[in-house]
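1. give the three-dimensional model of this entry:
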Amino acid sequence: MGFARSQKGLSMVSWLVVFCVAAFFASVAFKVLPHYFDFLSLQKIVTGVESEKALEIRSPGDFYAHVSRGTQVNNIRDLDLREVMDVRMENNEFYVHLKYEKREPLIENLDLVVHFDREYRVRAP
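-> Below is the predicted model:
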């Protein structure tokens with residue numbers, strides 16, 4: 001019974017290890033999550049073209065202009081839309097291919113890489 005009383009929890013070294021692991025995962029999350037939120041915003045802008053009938057988006061140029069305005073509103077500044085997005089129009093539908101990757105430095109020469117590759121079919125309003 002004396003042995004059970006002496007065990008009162010984690011030692012200081014164990015708490016330090018737990019704290020370091022939690023800090024590492026928090027650091028990774030804080031570096032990666034903003035890129036996912038930007039991608040979700042881009043996805044909402046692209047798919048929102050169908051519901052915006054007043055915009056009168058009729059050509060791929062109009063589509064790029066609409067997405068560009070949406071990226072300015074959502075403060076997405078580090079993407080060149082002409083490089084990451086391919087828009088073509090067939091039968092009154094836009095076919096959008098959004099493909100890009102973002103890199104965040106983690107530790108010295110190790111990077112976190114987030115790769116996005118998605119295709120959309122959006123009806124012209």
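2. CA only for contacts and neighbour counts going forward, please
-> Will do.
3. other SSEs contacting the host helix or strand of residue 66?
-> Taking DSSP states H and E as the criterion, residue 66 maps to helix 60-73. In terms of contacts (3 or more C-alpha pairs under 8 Å, 6 or more residues apart in numbering; DSSP states H and E), helix 60-73 is packed against helix 12-47, helix 81-84, strand 85-90.
4. mean pLDDT for those - can I get that in CSV?
-> Compiled in CSV, those are given as follows (pLDDT from 0 to 100):
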stretch, mean pLDDT
helix 12-47, 93
helix 81-84, 92
strand 85-90, 92
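5. give me whichever of those is most buried.
-> Per-stretch averages of neighbours, counted by mean count of other C-alpha atoms under 10 Å, single out strand 85-90 among these, with a mean of 15.
6. what's the distance between the nearest residue to residue 88 once chain neighbours are set aside and residue 62?
-> Among residues not flanking residue 88 along the chain, residue 95 sits closest, at 5.3 Å (C-alpha to C-alpha, 6 or more residues apart in numbering). For residue 95, the distance to residue 62 equals 14 Å [C-alpha to C-alpha, to the nearest Å].
7. which one's more surrounded, the two?
-> With neighbours defined as other C-alpha atoms under 10 Å, residue 95 and residue 62 compare such that residue 95 has more, 17 against 13.
8. quick check: phi and psi at residue 92.
-> Phi and psi for residue 92, reported as degrees, to the nearest 10, are phi 60, psi 30.
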